[in-house]
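Peer 1: Following is a predicted model, sequence given first.
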Amino acid sequence: MKNGMRIALWVVLSAVALLAALAAAGLMLSAHRRDRVVALPPLAKVTLVADDKAIGRGAYLYATRGCVDCHGVDGAGRTFVDDGSLKIKGPNISPGPGSVVTAYQTADWDRTLRHGVKPDGRALLVMPSEDYNRLTDTDLVALMTYVKALPPAAGGAAVIDLPLPVRVLHGFGQIPEAATKIDHARPNNTHEVPPGESIEYGRYVGEMCKGCHGDKLLGGKIAGGSPDWPPAPRLTRGDGSVLPKYPDAEALVAMMRSGHPLRGIVPPDEATAWEAEHPALVARFARHDIVGDPTHVREQLEAVAGRYETDDLTIAGNLYDFEDRLRSFELTARAAANGATQSSATISPGGDDGMGSPAR
């Protein structure tokens, strides 16, 4: 009996010692991660243009891209998480007293917004730069111009008080910074997309969705999110997609307008602020049908290739009947041949396990 108690006590003490060692190691790794320098390639020069058009666009971006959530309407900083053990407050980015961007040059704004890296080279712990990385130069300049034109407001530096478990998880890489999720060598997005109800603009706006829904919009656990946050839903077609829950464009827009069911992550006021972009997002996520004559089908397939930046499309049919499937491939081949001399995209029939045929 005594031997059993000794063994149990030894096991408990060993477990406690192991947890303490892991916690100590996690804290050390966390401190190292916060102090490490992120190497960036030379940044392309961005020219600041201070005019009314840029300020107007910047105001819209500031209101619709989550800036208000962390920095407040006036830019003075805002506490957006405070549950007793965890507190996070955004810094003052207005031109007022206590601003953290007083000495910022244009390159510093680029480094911070699109790369998640401070001017001194350290990674920002709380900054959704993976959402902003594909901002065009024009929109980056517009956002900078608007923030620099804000009325001065008093504030201070960011406040990030993390409980012990969160710091340990950060140390072991379970809560990654945005800078670790960005391909910093990728050239800046110089392709200007005019705002409007188009798949192309919806794709551009949809870059903001990747911070929660993942780079391929497949959903799942939100990297760096609170443990009590639900998994982000899948926004692409396929098993587990949330799109079938919205039978038409109106239903999808209603969700965006209300913020539900993403309540707590996309507040209703923010969801309403970018209402003008809802049609473009609907075009991006909900409109995938390609219907028409061979010329139109060919044009739409080329648009799909451009959207996903690929020179090769493989079409797979899920038709059960062999004759119908063969007919589908014949129509695809006809569409591909219709403009073969006008495009570099290669379109080839695939197997029978894909997402469907383009024409039937």
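Peer 2: Looks like it arrived, so ask away.

Peer 1: Show me what the helix or strand harbouring Ala59 packs onto, helices and strands only.
Peer 2: In this assignment (DSSP states H and E), Ala59 forms part of helix 52-64. Helices and strands touching helix 52-64, as assessed by 3 or more C-beta pairs under 8 Å, 6 or more residues apart in numbering; DSSP states H and E, comprise helix 137-148, helix 268-273. Using the backbone N, CA and C atoms, a C-beta is placed for each residue, glycine as well.

Peer 1: what's the angle from that helix to helix 137-148?
Peer 2: Interaxial angle, helix 52-64 versus helix 137-148 (axes from the mean of the first three to the mean of the last three C-alpha atoms, to 10 degrees): 80 degrees.

Peer 1: quick one on the thing from earlier: lowest average pLDDT across the helices and strands packed on helix 52-64?
Peer 2: Set side by side, the helices and strands packed on helix 52-64 differ in mean pLDDT, and helix 268-273 is lowest with a mean of 54.

Peer 1: before we move on, back to that, after the helix holding Ala59, next one along is what?
Peer 2: Next element after helix 52-64 (DSSP H and E): helix 67-71.

Peer 1: any idea which helix or strand comes after that next one?
Peer 2: Downstream of helix 67-71, the first helix or strand assigned by DSSP H and E is strand 79-82.

Peer 1: Outside of that next one itself, list whatever touches it.
Peer 2: Strand 79-82 is contacted from outside by Asp69, Cys70, Lys87, Ile88, Lys89, Gly90, Val159, Ser226, using C-beta atoms under 8 Å, 6 or more residues apart in numbering.

Peer 1: Highest neighbour count among those residues?
Peer 2: For these, the largest neighbour count, defined by other C-beta atoms under 10 Å, is 25 neighbours, found at Gly90.

Peer 1: where does the closest residue to that one other than its chain neighbours land on pLDDT?
Peer 2: Nearest-residue entry for Gly90: Cys70, 3.4 Å, with adjacent residues in sequence omitted and distances by C-beta to C-beta, 6 or more residues apart in numbering. On the pLDDT scale, Cys70 is placed at 91.

Peer 1: check contacts around Cys70.
Peer 2: Here Cys70 is in contact with Gly77, Arg78, Phe80, Gly90, Val126 (C-beta under 8 Å, 6+ apart).

Peer 1: State the distance from the third one to Leu9.
Peer 2: Spatial separation of Phe80 from Leu9 under the definition C-beta to C-beta, to the nearest Å is 45 Å.

Peer 1: Between those two, tell me which one has more neighbours.
Peer 2: Between Phe80 and Leu9, counted using other C-beta under 10 Å, Phe80 has the larger neighbour count: 16 against 10.

Peer 1: Now name the helix or strand holding the residue lying closest to Pro194 once chain neighbours are set aside.
Peer 2: Distances taken as C-beta to C-beta, 6+ apart put Tyr201 closest to Pro194, at 6.9 Å, once the chain neighbours are dropped. Per DSSP H and E: Tyr201 is located in helix 199-205.

Peer 1: Provide a list of residue ranges in the stretch 1-150 of the chain with pLDDT below threshold.
Peer 2: By pLDDT under 70, the weakly predicted segments of the stretch 1-150 of the chain are 1-4.

Peer 1: for the protein, what's the longest helix?
Peer 2: Ranked by number of residues, the top helix in the chain under DSSP state H is helix 2-35.

Peer 1: Pull stretch 110-124 out as CSV, backbone CA atoms only.
Peer 2: Written as CSV, here are the backbone C-alpha positions of stretch 110-124 (Å, rounded to 0.1, in the frame of the first residue of the first chain):
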residue,chain,number,x,y,z
ASP,A,110,3.9,49.0,-46.1
ARG,A,111,6.0,46.9,-43.8
THR,A,112,3.4,47.0,-41.0
LEU,A,113,0.2,46.7,-43.0
ARG,A,114,1.2,44.2,-45.7
HIS,A,115,3.8,42.2,-43.9
GLY,A,116,3.0,42.3,-40.2
VAL,A,117,6.5,43.6,-39.3
LYS,A,118,7.4,46.6,-37.1
PRO,A,119,9.9,49.2,-38.4
ASP,A,120,12.6,47.6,-36.2
GLY,A,121,12.1,44.3,-37.9
ARG,A,122,10.2,42.4,-35.2
ALA,A,123,6.9,40.7,-36.0
LEU,A,124,3.7,42.3,-34.8
